[in-house]
Structure formats: C-alpha cells, structure tokens
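**Q** Structure for the following, please:
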Amino acid sequence: QDRRALEALCTAVPPEIGAAIANKPTAKLAWEVIEPRRVGSDRVRCAALQRLRGEWKGLTFRPDEQVEDFAVRLTNLMEQMVRNGDTDLDEGRAVEKFLRCMPKRYEQLVFSIETLLDLQDLSIDDVAERFKVVEDRDRASEEQGKLLYSEQRRAGGKKGDNAGAGDSGGEPRRHLP
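**A** Below is the predicted model:
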C-alpha cells in the first residue's frame, strides 16, 4: 500500500521532483521532500495572484477591441486569479467589472443592464452577447453607409463622358483658344 502511495506521488508531481522522490523507501519520506517545495510554490502563487490583481484593477477596454475579445481577456484573467487562490472573485463581480470597463459608446446599454437586470444572475457570456448585438448592428450600419456612399459615387460618375471633369451641367466643357 505504501508503494502504491509512493507511485501516486511520483506521477502527481513534475518530472524533476519525481526523480528526486522515486528512490525514497516510503511515501512519508517522499512527502517530506515534496512539502518544502510546495511551500515555495505557495509563495509563487501568492506573488502571481498579486500581479493578477493588479492587472484586474487596471483592466480597460482597448481602442478598436471587439466585445468578444475583451470578454475572453476578462474571463482568462478571472480564471487565472481563481486558479491562484482568489476566493473573493465570482461571476457577478466579473460582470460588474465588465460593465465598468465598457467604452462610452455603450453607456446606454450599460445603464439598461444595471437597472433592469440582476447582475448576480448574469454570466460574462450573457453580457458579452448583449453588447455583441449592438456592436454587430453598429458595424452593419457603418457598412451600409459605406455601400451607399460608394453607390452614390458610382452613380455620379455615369452622368456623361466627361465624368470627373468638374462640370455639373452634363455638357462638355469648351476650352478657349
């Protein structure tokens, strides 16, 4: 039974530690080798968590960033913080952070979500989908405007043989000798 415990320890640790404990006669002696290294990893995890909390505090929506990309960035940061031992972070708090980081152009939607919905019942994906609808609608309207502008330019160029010559009456421009 002790041998199986030792084998389990060897497979559960990184290879460089596994080599150091493989020759130990008991699982208890192997654990005594692992334990001090684990304390060091707790310190590393704590330092990583402090760095991640700083990133969380300074997180902003980047110019030209799409809503989905920001949601992925926020979710990844949240998962890293939880993995490193943050016990205060939950989905509701992440949704609040998401809404605080949104650019001014989404202010009305942020206001609507905050006043009409219970933030504790929403996930980051739910909120991101709502913003994505607005983002897609804005993008479609921009593309429609560009299409309309290019159609107007094309229609303006077909008035006569002297397209682009600067006349507006449709008659050929006569040059004086």
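
**Q** From residue 20, how far out is the residue nearest the centre of the chain?
**A** Central residue of the chain (Cα atoms, centre = their mean): residue 73, 2.4 Å from the mean position. Taking Cβ to Cβ, to the nearest Å as the measure, residue 73 falls 38 Å from residue 20. For the C-beta atoms, the positions are set from N, CA and C on the backbone; glycine is no exception.

**Q** Got the phi and psi for the residue nearest to the centre of the chain?
**A** When quoted as degrees, to the nearest 10, the phi and psi of residue 73 stand at phi -60, psi -50.

**Q** Pull the contacting residues for the closest residue in space to it that isn't next to it in sequence.
**A** In space, and not counting its chain neighbours, residue 73 is closest to residue 59: 7.6 Å by Cβ to Cβ, 6 or more residues apart in numbering. Neighbouring residues of residue 59 by Cβ atoms under 8 Å, 6 or more residues apart in numbering: 73, 74, 77, 97, 101.

**Q** Going by neighbour count, which of those residues comes out on top?
**A** Neighbour counts for the contacts of residue 59 (other Cβ atoms under 10 Å) peak at residue 74, which has 21 neighbours.

**Q** roughly how far is the helix or strand hosting that residue from the heart of the chain?
**A** Take DSSP states H and E as the rule and residue 74 turns out to sit in helix 67-83. Distance of helix 67-83 from the chain centroid (Cα atoms, centre = their mean, to the nearest Å) equals 5 Å.

**Q** same for that helix, what does it pack against?
**A** For helix 67-83, the packing partners by 3 or more Cβ pairs under 8 Å, 6 or more residues apart in numbering; DSSP states H and E come out as helix 27-58, helix 91-101, helix 124-156.

**Q** Go ahead and confirm residue 86 touches residue 51.
**A** No. Residue 86 is not in contact with residue 51 according to Cβ atoms under 8 Å; the separation is 11.9 Å.

**Q** more neighbours, those two?
**A** Remark: of residue 86 and residue 51, residue 86 carries more neighbours, 15 against 12, as counted by other Cβ under 10 Å.

**Q** And for the nearest residue to the more buried one once chain neighbours are set aside, the neighbour number?
**A** The shortest distance from residue 86 to any non-neighbouring residue, by Cβ to Cβ, 6+ apart, is to residue 49 (6.0 Å). Neighbour count of residue 49, defined by other Cβ under 10 Å: 17.
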